[in-house]
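Asker: Just a sequence and a predicted model for now, questions to come.
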Amino acid sequence: MFESLSDKLDYALKAIRGQNKLTEDNVNEALAEVRRALLDADVNFNVTKKFIDDVKEKSLGLEVKGNLLPGQLMIKLIHDELVALMGASKSDLVMAPQAPTIIMVAGLQGSGKTTFCGKLANSLKKKGRQPLLVACDIYRPAAIDQLRSLGAQISLPVFSKEDAKPAEIAADALVYAKKYGRDVVIVDTAGRLTIDEEMMQEVADLKSLLKPHEILFVCDAMTGQDAVNTAQAFHERLELTGVVLTKLDGDTRGGAALSIRSVVGKPIKFVGVGEKIDALEPFYPERIASRILGMGDIVTLVEKAQAQIDDKEAERLEEKLKKNQFTFEDFLDQMKLIKKMGSLRDLLGMIPGVDKAMRDVQIDDKAFGRVEAIILSMTKDERVNPRVLNGSRRKRIAAGSGTSIQDVNRLIKQFEDMQKMMRNMTKGKMANMMGNRQPQSPLGMRRN
Ligand SMILES: Nc1nc2c(ncn2[C@@H]2O[C@H](COP(=O)(O)OP(=O)(O)OP(=O)(O)O)[C@@H](O)[C@H]2O)c(=O)[nH]1
Ligand SMILES: [Mg+2]
């Protein structure tokens, strides 16, 4: 998968990997090769241009910390941008709150729609669902048989009807699904060689009738940019909810996988990786990026080093806590650090004795934003020296942060309580408060 792109990127970045210094010249040189590699892989021109511009801009701001080489950071940057290009995280299938969930599958002829319907039904069945396959491709006599045979292979019912129009079949299938308690309805539709009005109208009609929770566009990854253009045309007409890329097991260049998300604005939800019924995988942008870049060692190295740098910062804050010099300013730094790494729960977990108590408490992430807004509305002096926060200052902060005086008061009170607790702990009560737990770094923030 993506071997040629992978090789070309490897070549493009070879010169820069071990660089002690990034200059405009060597960055430009490497990025020119990256650009060529992406275009050769049939990545959309505008997507490529934006990718290169973004990487270039961010590379200027690369801050070299610890023992890392600038070249390594550059590779990590490119990796992260590849991930972002494909949608950052895995995008799950939307399930209707009330069954049945209706999934309509559309795409050009031979793209792998019918095969995908079978694969999806199979994977949902394994998760305990009871799918119904619906044959709405009435134009090729063999199409219904193909779906029936897939259904038989995984022991799932296939709804079909002779001499009926797709709309009629779909409507009857819904009635059937409700009657027999099928909780997912997967509708296979007919494809054409190219986009034509008749086909578009037919799927558009099916959409208004079915009101699907998911409209998945199936496209053949081997067709590169064409796949992206067709996806766009379908999206304009149908408002897709997601894309399925098939035949990723073949000799695909990567263009479709890398461009579709940016161009169509919809996530790739699944990839087909073979003809067999179980050759379906969720789409993980991170994994695909790693496969494409093939420099997992460097990416991991940079991640680890960055985590260590965070640890150093944590130690510094820990010292401040102990000396009772912890201010709102530090609190804000701490929040930024945590935000980068995870949740508010982790922030609370860093305070000794609190993590255990907080483990089962629901934490409102909006509160997180409120706290940040309040601190940001304080002047530097107020953050370092919260004692000066009198009534009128609190009023100003509440107005400035779009919160209430009560919110501001509460935060200040909590902050003071925390300081008090810290003071007590450093006076030797820590062991008491923590019971018999193993001593640990109070700010024990680690990625793993
Ligand atoms: N290697 C590989 N082959 C696939 C994959 N998905 C589908 N195919 C093959 O592609 C061919 C077409 O698949 P179909 O599922 O019939 O495609 P379709 O979109 O339903 O085609 P029409 O109904 O004619 O529009 C079949 O030979 C499948 O076995 C995949 O992920 N990898
Ligand atoms: Mg088909």
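Answerer: Good, I have the coordinates. Numbering: from 1, shown residues only. Ligands and ions are numbered 1, 2, ... in the order given.
Asker: now for the lengthiest helix in the chain, which elements pack on it?
Answerer: Assignment by DSSP state H gives helix 296-322 as the longest helix of the chain. For helix 296-322, the helices and strands in contact under the criterion 3 or more CB pairs under 8 Å, 6 or more residues apart in numbering; DSSP states H and E are helix 70-85, helix 285-293, helix 328-341. Using the backbone N, CA and C atoms, a C-beta is placed for each residue, glycine as well.
Asker: Quick one: closest of these to Gly107.
Answerer: Gly107 lies closest, by CB to CB, to one member of these: helix 285-293, at 20.4 Å.
Asker: contacting residues around the closest one?
Answerer: Where contact means CB atoms under 8 Å, 6 or more residues apart in numbering, the residues beyond helix 285-293 that reach it are 1-2, 5-6, 9, 75, 78-79, 82-90, 254, 257-258, 296, 299.
Asker: Buried only: go through those residues for me.
Answerer: Among these, those that count as buried by neighbour count (16 or more other CB atoms under 10 Å) are 1-2, 5-6, 9, 75, 78-79, 82-83, 85-87, 254, 257-258, 299.
Asker: ok, the closest residue to ligand 1 within the stretch 101-250 of the chain - contacts?
Answerer: Distances from the stretch 101-250 of the chain to ligand 1, computed as CB to the nearest ligand atom, single out Gly191 as the nearest residue at 2.8 Å. If a contact means CB under 8 Å, 6+ apart, then Gly191 has 106-111, 113, 137, 199 as its contacts.
Asker: What about those residues, which are in helices?
Answerer: Using DSSP H, those in helices are 113, 199.
Asker: Number of residues surrounding the closest residue to Ala84 other than its chain neighbours?
Answerer: Distances taken as CB to CB, 6 or more residues apart in numbering place Pro285 nearest to Ala84, at 7.9 Å, with adjacent residues excluded. Look at Pro285: counted by other CB atoms under 10 Å, it has 22 neighbours.
Asker: again, but for Glu372
Answerer: Glu372 has 16 neighbours, counted by other CB under 10 Å.
Asker: I figured it hits Asp333, correct?
Answerer: No: with contact defined as CB atoms under 8 Å, Glu372 and Asp333 do not form a contacting pair (11.4 Å).
Asker: which element is the residue of the stretch 101-250 of the chain closest to ligand 1 on?
Answerer: Secondary structure assigned from DSSP states H and E places Gly191 in neither a helix nor a strand.
Asker: Next, it: phi, psi?
Answerer: phi -110, psi 160 (degrees, to the nearest 10).
Asker: go on, the one 5 residues further on?
Answerer: When quoted as degrees, to the nearest 10, the phi and psi of Asp196 stand at phi -130, psi 160.
Asker: same question, Leu156
Answerer: On the backbone of Leu156 - angles per degrees, to the nearest 10 - the values are phi -130, psi 150.
Asker: what about the closest residue to it other than its chain neighbours, how many neighbours?
Answerer: Take Leu156 and drop its neighbours on the chain: the residue closest to it by CB to CB, 6+ apart is Ala121, 5.4 Å away. Ala121 has 26 neighbouring residues, counting by other CB under 10 Å.
Asker: likewise Lys76?
Answerer: 22.
Asker: if I look at it, how far off is ligand 2?
Answerer: In this view, Lys76 and ligand 2 are 42 Å apart by CB to the ion, to the nearest Å.
Asker: Count the residues that sit near whatever residue of the stretch 301-448 of the chain ends up closest to ligand 1.
Answerer: Sorted by distance to ligand 1 under CB to the nearest ligand atom, the residues of the stretch 301-448 of the chain start with Glu303, at 31.5 Å. When counting by other CB under 10 Å, one arrives at 13 neighbours for Glu303.
Asker: contacts with ligand 2 among the contacts of Gly191, please.
Answerer: With CB under 5 Å from the ion as the criterion, the members of the contacts of Gly191 in contact with ligand 2 are Lys113.
Asker: from the contacts of Gly191, which would you call buried?
Answerer: Of the members of those, the ones counted as buried by neighbours, 16+ other CB under 10 Å, are 106-108, 111, 113, 137, 199.
Asker: For the stretch 101-250 of the chain, what lies in contact range of ligand 1?
Answerer: 107, 109-115, 137, 143, 191, 246-247, 249-250 (CB under 6 Å from any ligand atom).
Asker: Which residues does stretch 122-134 contact?
Answerer: Residues from elsewhere that reach stretch 122-134 (CB under 8 Å, 6+ apart): 100, 117-118, 120-121, 147, 150-151, 154, 156-160, 169-170, 173, 176-177, 180-188, 277-278, 280.
Asker: That one near ligand 2 at all?
Answerer: No: contact of stretch 122-134 with ligand 2 is not found when judged by CB under 5 Å from the ion; the minimum separation is 11.5 Å.
Asker: So for that stretch, what gets flagged as buried?
Answerer: For stretch 122-134, by 16+ other CB under 10 Å, it's 122-124, 129-134.
Asker: now the host helix or strand of Leu9 against helix 70-85, angle please.
Answerer: Take DSSP H and E as the rule and Leu9 turns out to sit in helix 3-17. What separates the directions of helix 3-17 and helix 70-85 is an angle of 150 degrees, with axes from the mean of the first three to the mean of the last three CA atoms, to 10 degrees.
Asker: What parts of the chain come near ligand 2?
Answerer: Along the chain, the residues adjacent to ligand 2 under the rule CB under 5 Å from the ion are 113-114.
Asker: Let's see the pLDDT reported for the residue of the chain found nearest ligand 2.
Answerer: Residue nearest to ligand 2 within the chain (CB to the ion): Thr114, separated by 3.2 Å. pLDDT, Thr114: 96.
Asker: quick one, what contacts it?
Answerer: Shown in contact with Thr114 (CB under 8 Å, 6+ apart): 137, 143, 146-147, 150, 188.
Asker: can you tell me which two in the residues you listed are farthest apart?
Answerer: Comparing every pair within the contacts of Thr114 by CB to CB identifies Asp137 and Leu150 as the most remote, at 12.7 Å.
Asker: re the thing from before, now the helices and strands packed on helix 296-322 in CSV, with distance to ligand 1 and mean pLDDT?
Answerer: As requested, those are arranged in CSV below (distance: least, CB to the nearest ligand atom, whole Å; pLDDT from 0 to 100):
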stretch, distance to ligand 1, mean pLDDT
helix 70-85, 22, 87
helix 285-293, 15, 84
helix 328-341, 36, 71
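Asker: My read is that Ala190 contacts Ala143, right?
Answerer: Yes: contact between Ala190 and Ala143 holds when scored by CB under 8 Å: they sit 7.1 Å apart.
Asker: Next, show the common contact partners of the two.
Answerer: Taking CB under 8 Å, 6+ apart as the contact definition, Ala190 and Ala143 share the neighbouring residues Asp137.
Asker: Report the separation between Leu174 and Val105.
Answerer: 16 Å (CB to CB, to the nearest Å).
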